[in-house]
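S.K.: Provided below for reference: sequence and predicted model.
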Amino acid sequence: MDVAGLNRAIRNSMVEIKQYADELRDLDTALGDGDLGITVSLGADAIIEALDATGDDVSAEEIIRSCAKAFANANPSTMAALVAGALLSGSRLWATTSELTTEDASAFARAAGESIGKRGKAAVGDKTILDALVPAGEALATSSDVAEALDRAIAAAEKAVVETTSMQSRRGRASWLQERSIGLQDPGATAFLRFLQSWKAANLDQA
Amino acid sequence: MDVAGLNRAIRNSMVEIKQYADELRDLDTALGDGDLGITVSLGADAIIEALDATGDDVSAEEIIRSCAKAFANANPSTMAALVAGALLSGSRLWATTSELTTEDASAFARAAGESIGKRGKAAVGDKTILDALVPAGEALATSSDVAEALDRAIAAAEKAVVETTSMQSRRGRASWLQERSIGLQDPGATAFLRFLQSWKAANLDQA
Amino acid sequence: MRKIINDPSNFVDELIDGILLAHPDKLKTPGDDKRILVRADAPTGRVGIVTGGGSGHLPLFKGYVGKGLCSGVAIGNVFSSPSAQQCFEAAKAVDGGAGVVYLYGNYGGDVFNFDLATDLAELEGIETRTVLGRDDVASQPKERKLDRRGVAGILFAFKGAGAAAERGDDLDAVAAVAEDIIENTATMGIGLSPTILPTTGKPSFELPDGEMEIGIGIHGESGIHRGPLETADQIVERLMQPLVADLELAQGDRIAVLVNGMGATPLEELYVMYRHVHKQAELLGVTIEKSYIGEYATSLEMAGASLSFLKLNDERLELLNAPAESPFFVEA
Amino acid sequence: MRKIINDPSNFVDELIDGILLAHPDKLKTPGDDKRILVRADAPTGRVGIVTGGGSGHLPLFKGYVGKGLCSGVAIGNVFSSPSAQQCFEAAKAVDGGAGVVYLYGNYGGDVFNFDLATDLAELEGIETRTVLGRDDVASQPKERKLDRRGVAGILFAFKGAGAAAERGDDLDAVAAVAEDIIENTATMGIGLSPTILPTTGKPSFELPDGEMEIGIGIHGESGIHRGPLETADQIVERLMQPLVADLELAQGDRIAVLVNGMGATPLEELYVMYRHVHKQAELLGVTIEKSYIGEYATSLEMAGASLSFLKLNDERLELLNAPAESPFFVEA
Ligand SMILES: Nc1ncnc2c1ncn2[C@@H]1O[C@H](COP(=O)(O)OP(=O)(O)O)[C@@H](O)[C@H]1O
Ligand SMILES: Nc1ncnc2c1ncn2[C@@H]1O[C@H](COP(=O)(O)OP(=O)(O)O)[C@@H](O)[C@H]1O
Ligand SMILES: [Mg+2]
Ligand SMILES: [Mg+2]
Ligand SMILES: [Mg+2]
Ligand SMILES: [Mg+2]
């Protein structure tokens, strides 16, 4: 995928992901404060606006940086800050890449996960977005076919999201529920899964 | 009826009237602040307690005075203050009466009505307790038979209470509803009707 | 019933206990009856101001007893009058020889009991004057102004009369200040949810989501009509218009504003309202010299708000700005 | 949705407009971004204190900007963090060379954004310290004390650190005061009804009548468990016990108490609660030297209350008693 394609693909996914805002709000209401739907929908709008302003004659790194800034400021929150930091970390890997491969995507995900783990003092198993991001990122590297890699990533994330339900939240707002967090699906992990699914749905023609 | 009988009859009526507390609360909720049920039930309890303390070897005037004081302080409110004043006015007529007749009862009601009219700056037609009290008091004088006089008073009060519904409240809290008070039955007039009915029900054997 | 209470019949006594335990340096009860609270330094020798009425309106009435405010309060049950005896005892406790102004809202139950108290006070040689809060323009048309009920706007009268008493005005002068302020005060309110009496557990009215009661009182009384819930700006205009008309406000006039929450309405919403009040006043050429925004006269857990205006002159503004201090109200 | 609002997406900007219009003598916005409010006299040359967080908690956080309190605030959307840029701009506006303490509640979104702001401040040569409110004992067991969230008890830290800055303490000393107070503060709350986000119109949880959420936060977070609604006295005992344990209060100790309403709970009920707190403290031989009773940190129209204790020593008490003044909080 080239830079123009990346720009378009992100934009399409952002339009798509907004349909999950209510679901994410409800999940975050049960486990947190209910603002994740807003973070995602305002964040998606801000990214679209930022990309409109960016144009195509820039690097993939710059595109991702615009997304990071836009997402960070749209509705500042845990998810906004962690995702923005993750995007900035990942973007560095794409400074000189003009044709993005599934390998590149996987490396991006790895860097993103490390950033979130560091900032959020979180690890896989803490019932956060990392629980979906890490296995999905690994799955991306298992095929060089974009569609196949994406399907595997989605499958991995889906499995992980289901598994978060039986776990106890160890980080962030949800951790304050202590034992009561068990039985509720993690909103952040779900948001990541919905992002992958949106990417697929919105970019089927390019896949 | 002698003084001991009066004491007993009041006490019996007070036990009886408490069953209407919810109805009076609901009527006063619609047209005012909903406290008339409390005024009547706390007032009835206070009267019973006061009469327990009064004993039988006093005048009818003193019995009524005890009732007035008890009712005034139980839950001070418009009804409490007006009824207490009315009882005091009426009681003066009974200072030396030892056998109470329906004539005496009617005179008492007339004095009571004048007191309420003066204190409340109200007249028949303002949609207040007066609308029931005045015609009922007049009816009491139309027979010397206690049971018959009471039945006529109840009939007169019942008719008057029904008629309050279509009137606009001119006095007190209900008057603030202005046109919106039309269509709602006056709580104070209803309370007076319920008092007469309680008297009848509680004192059938003496009637 | 979503209330943090014990036995509902002890509600008022327990909350007074709480007030006395929390503020022993500022308030005291003069005798055995805790339903009477007075300034800790009463009697001060200055004119006393006694207010009173039902409970359930905090900070009204108990909250306005302090320096530069009222001197004492007689406290009834929730939304019920105090007794005449209590009204009288309050006056007796604060009178230092200069007399007492009874200053309270125009409600039948209160009026009948305070009137009786003035007779009792007279017997004891305490001179009294009575001034009634009657600021609610929704409760009666202008021709029947004197029959209006008193709501949140009485705050202005407490503040002004309290300042007048504090500076040493005599009995008639303090009463005249209170009367002057009330004459120039107008209030109107809306309700978004009912109030619930602790003793009965019943809502004062049923209001479907998405509707509002217009022209409500502070005892859960219904309003003069009901309509679909409007935006904050529309509500402000709806409340402002009758106040402007009633006070005959015109370009160049100065006012004090009270945006009052009924109990459950977030302070945020009151500031959203104030914003539009300010802008609309500007359009009229009316200057807001002073504003109070918050909960000043509530109706337990009722949601809603009222808007009060006091038309100002130099004297009234000076009295509003004078220092005052109670556990619930500070003017620094 | 029973709210007095206009377009929900303008809610926060409009309420800030209202605050600025009502209190131009006390607060100002230093630049174009109204999401930053600072004392009208900032920078004062003393150590600055910048707080911040989501909206919907009035008087928290905006209400604690003033003399003897915080110097500035960065304001997020309802229950959302301000941006790093805003946190930084607030520090820049209040820094008079003595440095700035960032003092706010321990929430992921806020922490990440304020941390970024400290980096930005450093680049501009502004020295900062960070102290996190983390008083809610229900949110984590004592072993994970540092991960607790910050709720109403941060008021004590604002008051103490503000007084320290006002008397001229240096940056490390002001931060140390804040840290010392937070270390000795414990809070726990219950909810009787949910909060409703203006943008979504959805309640934060469903709570059947007659039940209560125990251990709630101030963002509509559910509590750690749910149970039948108890009496005021039972609730007080339930809230007090973990505070006493956490602060290891024993006979002879002195405390400050904050009985905080979550938004819709009548002030009357808070005094009923205080009454029992006072009595229970007496039983323990613990003296209440200072009390705050009212709405200090709310969650929009949530019904419920929280109880906070600060274990006192002479220094802490002196700082609490120092004068302070904001449009929302006065210590005379
Ligand atoms: N410390 C953390 N590290 C990693 N992920 C976290 C952390 N805290 C929260 N999360 C993720 O963020 C999600 C909540 O995001 P968001 O609603 O923005 O949080 P908040 O409203 O508390 O600021 C959680 O479901 C979880 O997946
Ligand atoms: N000024 C008045 N004169 C005569 N009766 C009145 C007057 N005001 C009210 N009432 C009567 O009192 C009833 C209400 O009593 P109550 O509930 O005690 O009043 P409140 O709660 O307003 O003090 C009304 O239904 C009416 O019958
Ligand atoms: Mg959230
Ligand atoms: Mg009534
Ligand atoms: Mg009443
Ligand atoms: Mg959040």
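M.R.: Now that the structure is in, tell me what you want to look at. Ligands and ions are numbered 1, 2, ... in the order given.
S.K.: Quick check: the gap between the closest residue to A:Arg173 other than its chain neighbours and C:Ile235.
M.R.: Computed as CB to CB, 6 or more residues apart in numbering or on different chains, the closest residue to A:Arg173 that is not its neighbour in sequence is A:Gly32, at 4.1 Å. (C-beta placed from N, C-alpha, C; glycine too.) A:Gly32 sits 32 Å away from C:Ile235, going by CB to CB, to the nearest Å.
S.K.: Looking at these two, which has the bigger crowd around it?
M.R.: Between A:Gly32 and C:Ile235, counted using other CB atoms under 10 Å in any protein chain shown, A:Gly32 has the larger neighbour count: 32 against 25.
S.K.: how about that one, what does it touch?
M.R.: A:172-174, A:187, D:219, D:221 (CB atoms under 8 Å, 6 or more residues apart in numbering or on different chains).
S.K.: now the residues you listed: which count as buried?
M.R.: A:172-174, A:187, D:219, D:221 (16 or more other CB atoms under 10 Å in any protein chain shown).
S.K.: can you tell if the host helix or strand of A:Ile48 touches ligand 1?
M.R.: In this structure, A:Ile48 sits in helix A:36-54 according to DSSP states H and E. Yes. Helix A:36-54 lies within reach of ligand 1 by CB under 6 Å from any ligand atom, at A:36, A:39.
S.K.: Now tell me what touches whichever helix or strand comes after that helix from outside.
M.R.: Next helix or strand after helix A:36-54 toward the C-terminus (DSSP H and E): helix A:60-74. Here helix A:60-74 makes contact (CB under 8 Å, 6+ apart) with A:3, A:6-7, A:10, A:39, A:42-43, A:45-47, A:49-51, A:53-54, A:80-81, A:83-85, A:87-88, A:90-92, A:94-95, A:97-98, A:100, D:83-85.
S.K.: How about stretch C:249-256?
M.R.: C:156, C:243, C:247, C:281, C:284-292, C:309-313, C:316-317, C:320.
S.K.: How about the residue in chain C that ligand 6 sits nearest to: what's its closest non-neighbour residue?
M.R.: Among the residues of chain C, C:Glu268 lies closest to ligand 6, at 17.0 Å counting by CB to the ion. Sequence neighbours aside, D:Leu15 is the residue nearest to C:Glu268 in space, at 4.7 Å (criterion: CB to CB, 6+ apart).
S.K.: That neighbour is in what secondary structure piece?
M.R.: Going by DSSP H and E, D:Leu15 is in helix D:11-22.
S.K.: ok, and what's touching that helix?
M.R.: Residues from elsewhere that reach helix D:11-22 (CB under 8 Å, 6+ apart): C:232, C:268-275, C:278, C:291, C:293, D:5-6, D:27-29, D:34-35, D:37, D:55, D:58, D:62, D:75-78, D:198-199, D:327.
S.K.: give me that answer again for 7 Å
M.R.: Applying CB atoms under 7 Å, 6 or more residues apart in numbering or on different chains, the external contacts of helix D:11-22 come out as C:268, C:271-272, C:274-275, C:278, C:291, C:293, D:5-6, D:27, D:29, D:34, D:55, D:62, D:75, D:77-78, D:198.
S.K.: same question, stretch A:21-28
M.R.: For stretch A:21-28, the surrounding residues in contact (CB under 7 Å, 6+ apart) are A:34-37, A:40-41, A:185, A:187, A:190-191, D:200, D:202.
S.K.: Quick check on those: which are buried?
M.R.: Counted by 16+ other CB under 10 Å, the contacts of stretch A:21-28 give A:34-37, A:40-41, A:185, A:187, A:190-191, D:200, D:202 as buried.
S.K.: Please identify which of the residues you listed is nearest to D:Ala305.
M.R.: For the buried ones among the contacts of stretch A:21-28, the closest approach to D:Ala305 (CB to CB) belongs to A:Gly34, at 21.5 Å.
S.K.: you'd agree that closest one is up against D:Gly220?
M.R.: Yes. The pair A:Gly34 / D:Gly220 is scored as a contact, 6.4 Å apart, by CB atoms under 7 Å.
S.K.: Between those two, which contacts overlap?
M.R.: Common neighbours of A:Gly34 and D:Gly220, using CB under 7 Å, 6+ apart, are D:Ser204.
S.K.: among the contacts of stretch C:249-256, which are in reach of chain D?
M.R.: C:Ser291 (CB under 7 Å from any CB of the partner chain).
S.K.: what helix or strand does the residue of the stretch 201-332 of chain C found nearest ligand 1 sit in?
M.R.: Distances between the stretch 201-332 of chain C and ligand 1 by CB to the nearest ligand atom are smallest at C:Glu268, namely 19.0 Å. According to DSSP H and E, C:Glu268 maps onto helix C:267-284.
S.K.: buried residues in that helix?
M.R.: Of the residues in helix C:267-284, C:267-278, C:280-281 count as buried by neighbour count, 16+ other CB under 10 Å.
S.K.: what comes into contact with the next helix or strand after it?
M.R.: Using DSSP H and E, the helix or strand that follows helix C:267-284 towards the C-terminus is strand C:287-294. Under the contact criterion CB under 7 Å, 6+ apart, strand C:287-294 has outside partners C:155, C:254-259, C:261, C:267, C:270-271, C:274, C:278, C:281, C:312, C:317, C:320, D:22.
S.K.: and strand C:287-294, how far from the chain's centre?
M.R.: The chain centre lies 16 Å from the centre of strand C:287-294; the measure is CA atoms, centre = their mean, to the nearest Å.
S.K.: before we move on, what about stretch A:118-125?
M.R.: Relative to its chain's centre, stretch A:118-125 lies at 15 Å (CA atoms, centre = their mean).
S.K.: Could I get the full set of helices for chain A?
M.R.: Using DSSP state H, the helices of chain A run over residues A:3-17, A:21-31, A:36-54, A:60-74, A:78-92, A:102-119, A:130-140, A:146-164, A:187-202.
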